[in-house]
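Engineer: Take a look and give me a structure for this.
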Amino acid sequence: MGAMEATTQARGPQKLTGKGQATRARILEHAAELMYANGVHATNNEQLRRAAGISGSQLNHYFPTKESLVLAVVEWQAERVLAFHRSERFTGFDSLDSLREWAHFYVAYERSCREGCSLGSLAGEIVKADLDVRADLAHAFEQWRDVFRDGLRRMQQLGRISDAADPTRLAHLLLSAFQGGMLLSQVARDITPLEDALRAAIDHVETFAISPAAAP
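Structural biologist: Have a look, this model is predicted:
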């Protein structure tokens, strides 16, 4: 199966009934959870059939290859990560306080030490695999980075950080600190590496802060 065909399959047939859409969504939800907890390679069809309560023929109908399933899980996880980061909770990341709120959430999140980042965990396995889904994974991370970049640009427009700041580079720093800190915390079963990495990254962003008195 070619990459284009696999992508089409992963995104689902265009003419699904309501029941079919619900079944596909249930399969994806359980597949994402299993891959997050156990890893891509440790998740097999039998586990997924039991968890989702489906038959082998149903699974093959919606996801005829492992590649099509993994691609769909990448999209599923990316949609949720992006929706969370775009929520009103973080007000578009247009202030240092919103960045600190984001860091505090993940430092306090009980699954951080046990399972790491849902999207980062997939990336760690996929980059070494033959699955043709890396472009979609890279695009998901680019969209995630752009959430921070756009917020930093708004901070400049609002006079909260100086024009000397490079929003794209700072966005890469924030996302890299998050991914690296998550991995180290997962290995150590200790949240300190993530907390330190995020604090250092946000402290660096703060070096570009403009005091209210100095703002135009």
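Engineer: mind checking the SS state of Gly124?
Structural biologist: Per DSSP: H, G, I helix; E, B strand; the rest coil, the secondary structure class of Gly124 is helix.
Engineer: any idea how far it lies from Glu29?
Structural biologist: Applying C-beta to C-beta, to the nearest Å, the value for Gly124 to Glu29 is 21 Å. In short, each C-beta sits where N, CA and C put it, glycine included.
Engineer: Show me the contact partners of the longest helix belonging to the chain.
Structural biologist: Ranked by residue count under DSSP state H, the longest helix found in the chain is helix 134-157. Contact partners of helix 134-157, identified using C-beta atoms under 8 Å, 6 or more residues apart in numbering, comprise 7, 71, 74-75, 77-78, 81-82, 85-86, 90, 92-96, 98, 119, 122-123, 126-127, 161-163, 165, 167-168, 170-172, 174-175, 205.
Engineer: Grab the CA positions of it and hand them over as CSV.
Structural biologist: Listed next in CSV are the C-alpha coordinates belonging to helix 134-157 (Å, rounded to 0.1, in the frame of the first residue of the first chain):
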residue,chain,number,x,y,z
ARG,A,134,6.8,10.6,9.6
ALA,A,135,5.6,13.5,7.5
ASP,A,136,2.3,13.6,9.3
LEU,A,137,4.0,13.4,12.6
ALA,A,138,6.4,16.2,11.7
HIS,A,139,3.4,18.3,10.6
ALA,A,140,1.7,17.7,14.0
PHE,A,141,4.8,19.0,15.8
GLU,A,142,5.0,22.0,13.5
GLN,A,143,1.4,22.9,14.4
TRP,A,144,2.2,22.5,18.1
ARG,A,145,5.3,24.7,17.7
ASP,A,146,3.2,27.3,15.9
VAL,A,147,0.8,27.5,18.8
PHE,A,148,3.7,28.9,20.9
ARG,A,149,5.2,30.9,18.0
ASP,A,150,1.9,32.7,17.4
GLY,A,151,1.5,33.4,21.1
LEU,A,152,4.9,34.9,21.3
ARG,A,153,4.2,37.1,18.3
ARG,A,154,1.1,38.4,20.0
MET,A,155,3.2,39.1,23.1
GLN,A,156,5.4,41.2,20.9
GLN,A,157,2.4,43.0,19.4
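Engineer: I'd like to know which elements the helix or strand that comes right after that helix is packed against.
Structural biologist: For helix 134-157, the succeeding helix or strand toward the C-terminus, using DSSP states H and E, is helix 167-188. Helices and strands touching helix 167-188, by 3 or more C-beta pairs under 8 Å, 6 or more residues apart in numbering; DSSP states H and E, are helix 96-108, helix 112-115, helix 118-126, helix 134-157, helix 192-206.
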